[in-house]
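Peer 1: For reference, the sequence and a predicted model appear below.
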Amino acid sequence: MRLIQQLFAATALATLVACGGSSDTTSPPITPPAATVTLSVLSGDGQEAVPGTALANNPVVVARSAAGTPVSGIAVTFAIDSGGGVVATTSATTGADGTVSPGRWTLGASEGANVLTASAIGSPTIRLRSLASFPVTALITNATVPRSGAVLTVNVPGDPLNGLKLTIPDTALGVGALISIGSKASKVTTLPAGYAQVGPTIVISNSVAMSSLPMVLTIPVNVQSPDTALAAFYHDPLNDTYEVLPVAARTATTLSVFARHFTADRLMRRQGATKIARREQPAGARVVAGYSPAQIIVASVPAATLSALTTTGFAPGVDDWEFENLGTLPEDGGICAGMSISAMYYFYAHSALGPLFRRFNPVGRNNNTNTVGLRFATVAQRDMDWASATRWFDVLNAMQFVTAIPAARLHYQTLVMAMRVTHLPQFLDISGDGFEHAVIAFASNNGAVSFADPNAPGVSRTMTFTGNAFAPFPFSARAGAANGVVTGVKTIGASAMLDAAAMDAEWSQVADSTIGNAIFTQVIPESYDRLTDTWSAADTTKTFYTSDPLLTLRTMCPNRSCPVVDRRDNIDYIHTRLINASGTVTTEGIPGADGASFTLAEGQNRIGVIQHSGIEVNSYRDSWTNFRWMNVVHGKVSIIPARPTAKPDSAINFSVSAGALQPIITRYTWDFGDGTAVVTTTTPAAAHAFARAADFKVLVKLYDAANRLVGKDSTAASISVTAGPYSVWKVTTSTSANINPPPASDTGSSVEAVLRRRYDTLVAYWGRPRSAVVNPTLWVVKTASPFNNDFDTQPIGVYLSDSLPGTNGGKDPYPAPLALAADVNRTAIDTPEFLPKWTVTGTVPDDGHIIATGALRNSTIFACIGEFTSATFVQAVDFRMSGNTGTGTITYTFRVVRPSCNRPNQELSRWQWVVSFTATRIK
């Protein structure tokens, strides 16, 4: 005989270090069969009555259309499916409200489930279940359990259950809990071949749904041979299903099991199961409405038969989760228990929907992208209080139970019997040095137990029972952690220690995408807008449009609700990782305002955003917070044409290409960079004429219907006078004459300064032209272009030179202007004294007449000093063009004046020089 410590080895840690201790979710698609009408149960399902008697309420079904409205006139057929019994009528027609009833339903003569079917043309057949149950014999009635706990013992000499004990630990049930215990002489009839029920059926009624600590039920059994294996099961007679209770100890006359509930409502729901509406209580029992008592049976089987192959249909890679057990922010120690129980729940209740593996994770096996799964498993971990597992087993150890059969053998036999009886996988607890781990056992064969480990998704692992112990095998509390030493394996079953019923509500939250909202911090993704140099919240539920080829995201954690993160400007930021559509991590964002970046392709981009809030800067193993997909549309914004060139006052037709962004753009603003007003258009086009020659920066901005700046682009527009002539004429003949000849000498005068330093090849020293009579070339230009440091542009005008304007052999700083445009006002030539002012009349056509004059004046006045104080030089051209011939005159006038302080100004000299010429067009 051994103490219970052999079954539940004491742990060294007082606190469990365990695998457990907005989002884009995907609702599970449920596609009903195509139907004209659909029948459903309105009332009367799940009732209970004594065998051979009628139910209290007649069953009622309703026929509805695809739109959900009641349909009248539908013929419905009722038939007894199992359990015997009769209904008042087997055929009836729905009324105006769409309802119909078979009338009174009398149950069969034997105890057990009674099933009635209802069918109609165009509708799937539905089933109603009721329970035929004989009365319960009271053994303990309404025992009040104090907060400090109690041991309730059946004291009914001669009764098969005399000596049955229920041990309730201190604080397990709270204050004033009521417990009643009874029995039924009838036995179950649906155990597998070779199995037998030992003793009567036990009925326990409890006013508390779940206890905080395990309660131990010690059942009298008279099975002394260790060659007979025993296990205790919950039995749901309405749906004829079983669940095993974890074993605590076994002696020659007792079997001790433990559980946190004795309530039928807390059993793991099966696919298509009916919830009992009313259950027989032990005589006189008073329990809280809604809690149906559990029925418990003990089954036996020859131990030697347990070595045969046992399967459940569960398969790793099909029925488990595809992500590893790494933990999440609410459960940072790991979520192995939540992963195991939630996968079992899905297999028990919803496997008809298809495999669980990758069901909510289309990108494949990625540890971070199954938001539904990670949240569902985390909530399950939290709800079933797996963090208290070490405390549970410490409490059991303290009870000092004795056992005649080694702990490992008891749990192995319980496990195999559970899989044989239920045909379902079982929850196992694996004890290590200071922590607990949870796995799913799904098959056994000759001592080899196959199990699914949340640390190794999709892999079938094996533990081996041999002799009286499980052979050592490696395991860790969570994926990637160091392997520990196995100190024990416990069969937990399904719901005995876990609040499996709560998972029904959690599953409904999976369907409506709210799973985990209550316990997960609602972190906020933010995107960086390079157009405005700002961060703003990114709504990942909507398509995001951007012209920026680099998407940068960060994650803000509100209200200081995350562990150690990067805090800037008194705001918390956490890890952000970005993945592509195939699930490959593309960028690793450091915590905080820097964020993570993703290079976008033009068009549609599907980007996954993984958010972690880890204790360590580079740790993502225990702090998964959220994952969401983003649909990002990137379009490149380009102005067309790029870098255009044009002449002043010539319109340029601009357009803008925005690629995939084009459909959302509602407004364009154009800034042409020349000081004119910004232009707004609703189409991607604008025309503009620049009034002067320069390089201008053209900027266009694109806005959507919400007035959000979506994109922009700029380009340079170069506006200039094209270098070179409009037409070129060769002077063929020329004559010249002096009128009012120049003075004898200009030495030291402003005349010398002006003539020698300021004029061109046409005006020589003393006004004699150097080359006017040597066949110079006449240039008639009408465009603009830069040409030297003294002038910004070469304006419209007429030029006479042997060379192109502005070259001049380097002898003078600028060419020979005969006439310049009236709008040209220069601040200086070499010195501030000289301000040229030019005027033009006429036009510069290929064939026509141009008259132009220009003057240069020394504007400096020397107050009553110097011989000459003011000089004016005027030059004029009169040129007539006809076809390829032209005639003209060039007149130079020079005047020198001496200003006087006390008398009228004195003209010191005046001279004129006239050149008459003919010319031939050469271009």
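Peer 2: Sure, I can see it.
Peer 1: Quick check: bridge partners of the residue nearest the centre of the chain?
Peer 2: Central residue of the chain (CA atoms, centre = their mean): R628, 2.4 Å from the mean position. Under DSSP bridges, the beta-bridge partners of R628 are V609.
Peer 1: One more: L39?
Peer 2: Bridge pairing for L39 (DSSP bridges) gives the partners A63.
Peer 1: now it: how far from I126?
Peer 2: Going from L39 to I126 by CB to CB, to the nearest Å gives 5 Å. C-beta coordinates here come from the backbone N, C-alpha and C atoms, glycine included.
Peer 1: more crowded one of the two?
Peer 2: A direct count of neighbours by other CB atoms under 10 Å for L39 and I126 places L39 higher, at 25 against 17.
Peer 1: my read: that one touches S123, true?
Peer 2: Yes - contact status for L39 versus S123: in contact at 4.7 Å, counting by CB atoms under 8 Å.
Peer 1: Spell out which residues are contacts of both of the two.
Peer 2: The contact sets of L39 and S123 overlap at A63 (CB atoms under 8 Å, 6 or more residues apart in numbering).
Peer 1: returning to that earlier point: how confident was the prediction at the residue nearest to the centre of the chain?
Peer 2: On pLDDT, R628 comes in at 90.
Peer 1: got it, and P135?
Peer 2: 84.
Peer 1: That one sits in which helix or strand?
Peer 2: Per DSSP states H and E, P135 falls between elements, in no helix or strand.
Peer 1: on that earlier part again, ok, the residue nearest to the centre of the chain touching T540?
Peer 2: Yes - assessed by CB under 8 Å, R628 is found in contact with T540 at 4.5 Å.
Peer 1: Any stretches of the stretch 351-500 of the chain with poor pLDDT?
Peer 2: Along the stretch 351-500 of the chain, the model assigns pLDDT under 70 to residues 364-365, 400, 434.
Peer 1: Please, where are all the helices along it?
Peer 2: Counting by DSSP state H, counting those that start in this stretch, the segments of the stretch 351-500 of the chain that form helices are 371-383, 389-398, 407-422.
Peer 1: So which bits of the second one are buried?
Peer 2: Right, the one you point to is helix 389-398. Neighbour-count burial for helix 389-398 flags A389, T390, R391, W392, F393, V395, L396, N397 (criterion: 16 or more other CB atoms under 10 Å).
Peer 1: these two touch, right, the third one and L213?
Peer 2: By that I understand R391. Yes - look at R391 against L213 with CB under 8 Å: they come within range, at 7.4 Å.
Peer 1: between the two, what contacts are shared?
Peer 2: Here R391 and L213 have no joint contacts, going by CB under 8 Å, 6+ apart.
Peer 1: sorry, back to before: distance to L191 for the buried residues of helix 389-398 - can I get that in TSV?
Peer 2: Compiled in TSV, the buried residues of helix 389-398 are given as follows (distance: CB to CB, whole Å):
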residue	distance to L191
A389	30
T390	34
R391	34
W392	29
F393	29
V395	31
L396	28
N397	32
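Peer 1: Spatially, and excluding backbone neighbours, which residue is closest to H411.
Peer 2: Counting by CB to CB, 6 or more residues apart in numbering, H411 lies nearest to T491, which is 4.7 Å off, once chain neighbours are set aside.
Peer 1: now swap in P70 and tell me
Peer 2: In this structure, P70 finds its nearest non-sequential neighbour in G98, 2.6 Å apart by CB to CB, 6+ apart.
Peer 1: How about R692?
Peer 2: If the residues on either side of it in the chain are set aside, R692 comes closest to P648, at 5.7 Å by CB to CB, 6+ apart.
Peer 1: Any chance of the backbone angles for that neighbour?
Peer 2: The phi/psi pair for P648 (degrees, to the nearest 10) reads phi -60, psi 140.
Peer 1: same check, this time on R560
Peer 2: Main-chain torsions, R560, degrees, to the nearest 10: phi 50, psi 40.
Peer 1: wait, what's in contact with it?
Peer 2: R560 is in contact with D572, counting by CB under 8 Å, 6+ apart.
Peer 1: what separates it from S613, distance-wise?
Peer 2: Separation of R560 from S613 (CB to CB): 11 Å.
Peer 1: can you check S43 too?
Peer 2: For S43, the distance to S613 equals 48 Å [CB to CB].
Peer 1: Check G176 too.
Peer 2: Using CB to CB, G176 is found at 42 Å from S613.
Peer 1: Of those two, which one has the most company?
Peer 2: Comparing G176 with S613 by other CB under 10 Å, the one with more neighbours is S613, at 27 against 11.
Peer 1: For the more buried one, which residues are in contact?
Peer 2: So S613 contacts L329, T521, V523, C557, C562, P563, V565, I574, H575, S623, T625 (CB under 8 Å, 6+ apart).
Peer 1: what does A352 give?
Peer 2: Contacts here follow CB under 8 Å, 6+ apart; on that basis A352 touches Q271.
Peer 1: could I have stretch 708-722 exported to PDB, CA atoms only?
Peer 2: The C-alpha coordinates for stretch 708-722 follow below in PDB (Å, rounded to 0.1, in the frame of the first residue of the first chain):
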ATOM      1  CA  ARG A 708      -6.800  62.700 -46.700                       C
ATOM      2  CA  LEU A 709      -3.600  63.500 -48.600                       C
ATOM      3  CA  VAL A 710      -2.900  60.200 -50.400                       C
ATOM      4  CA  GLY A 711       0.000  61.100 -52.600                       C
ATOM      5  CA  LYS A 712       2.100  63.800 -54.200                       C
ATOM      6  CA  ASP A 713       4.800  64.300 -56.800                       C
ATOM      7  CA  SER A 714       6.900  67.100 -58.200                       C
ATOM      8  CA  THR A 715       8.900  67.800 -61.300                       C
ATOM      9  CA  ALA A 716      10.900  70.600 -62.700                       C
ATOM     10  CA  ALA A 717       9.600  72.700 -65.700                       C
ATOM     11  CA  SER A 718      12.300  74.500 -67.600                       C
ATOM     12  CA  ILE A 719      11.100  77.600 -69.400                       C
ATOM     13  CA  SER A 720      13.700  79.400 -71.500                       C
ATOM     14  CA  VAL A 721      14.500  81.400 -74.700                       C
ATOM     15  CA  THR A 722      16.100  79.000 -77.100                       C
END
